[in-house]
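> Fold the following and give me the result.
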Amino acid sequence: QVQPVESGGGLVQAGDTLKLSCTASGRTFSGYTVGWFRLSPGKGRDFIALITWNTGVKYVADSVKGRFTISKDNANNTVYLAIRSAKPEDTAVYCCAARFAYSPKSAYNEQGYDYWGQGTEVTVSS
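Numbers count the residues shown, from 1 in each chain. Sure, this is the predicted structure:
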């Protein structure tokens, strides 16, 4: 089974751009859909974006569309989440997760994912 591993979080200033990474451990992401979620203080785990590895089909939630971009690097078996013009409200723990691409479960909420990373913390100061 695949084990996602996140990196790239830290403390940034409002307006900065940062790029989070989710790398597959144990096996490749081939055959999986990889999603990004964020857990904010006082909130649940919100869906941000997903990409299906084999087809490259991607989707970004309306709430962050235009500032967040999801992409993948086949050679490095990594999925990226780029955050542009960071805002204090982007402060959260960002987690990536994987699911089999043809799972019948919804790909837009956390219940649809089976393999989770530990998360990487992003703090945006104003």
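> who's in contact with the closest residue to Arg38 other than its chain neighbours?
Of all residues not flanking Arg38 in the chain, Ala92 sits nearest, at 3.8 Å (CB to CB, 6 or more residues apart in numbering). All C-beta atoms are positioned from the backbone trio N, CA, C, and that covers glycine. For Ala92, the contacting residues are 38-41, 121-122, taking CB atoms under 8 Å, 6 or more residues apart in numbering as the criterion.
> Out of those, who's the most crowded?
Arg38 (23 neighbours; other CB atoms under 10 Å).
> Same question for whichever helix or strand that one is part of: list its buried residues.
Counting by DSSP states H and E, the element that carries Arg38 is strand 32-39. Going by neighbour count (16 or more other CB atoms under 10 Å), the buried part of strand 32-39 is 32-38.
> what do you get for stretch 93-100?
Of the residues in stretch 93-100, those with enough neighbours to count as buried (16+ other CB under 10 Å) are 93-99.
> Stretch 11-20 too?
With the criterion 16+ other CB under 10 Å, stretch 11-20 contains buried residues 12, 18, 20.
> on that earlier part again, could the buried residues of stretch 93-100 be laid out in JSON lines, adding pLDDT, secondary structure and distance to Thr28?
What follows is the buried residues of stretch 93-100, written out as JSON lines (pLDDT from 0 to 100; DSSP: H, G, I helix; E, B strand; the rest coil; distance: CB to CB, whole Å):
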{"residue": "Val93", "pLDDT": "97", "secondary structure": "strand", "distance to Thr28": "25"}
{"residue": "Tyr94", "pLDDT": "98", "secondary structure": "strand", "distance to Thr28": "22"}
{"residue": "Cys95", "pLDDT": "98", "secondary structure": "strand", "distance to Thr28": "20"}
{"residue": "Cys96", "pLDDT": "98", "secondary structure": "strand", "distance to Thr28": "14"}
{"residue": "Ala97", "pLDDT": "98", "secondary structure": "strand", "distance to Thr28": "16"}
{"residue": "Ala98", "pLDDT": "97", "secondary structure": "strand", "distance to Thr28": "10"}
{"residue": "Arg99", "pLDDT": "97", "secondary structure": "strand", "distance to Thr28": "15"}
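> Perfect, that will be all.
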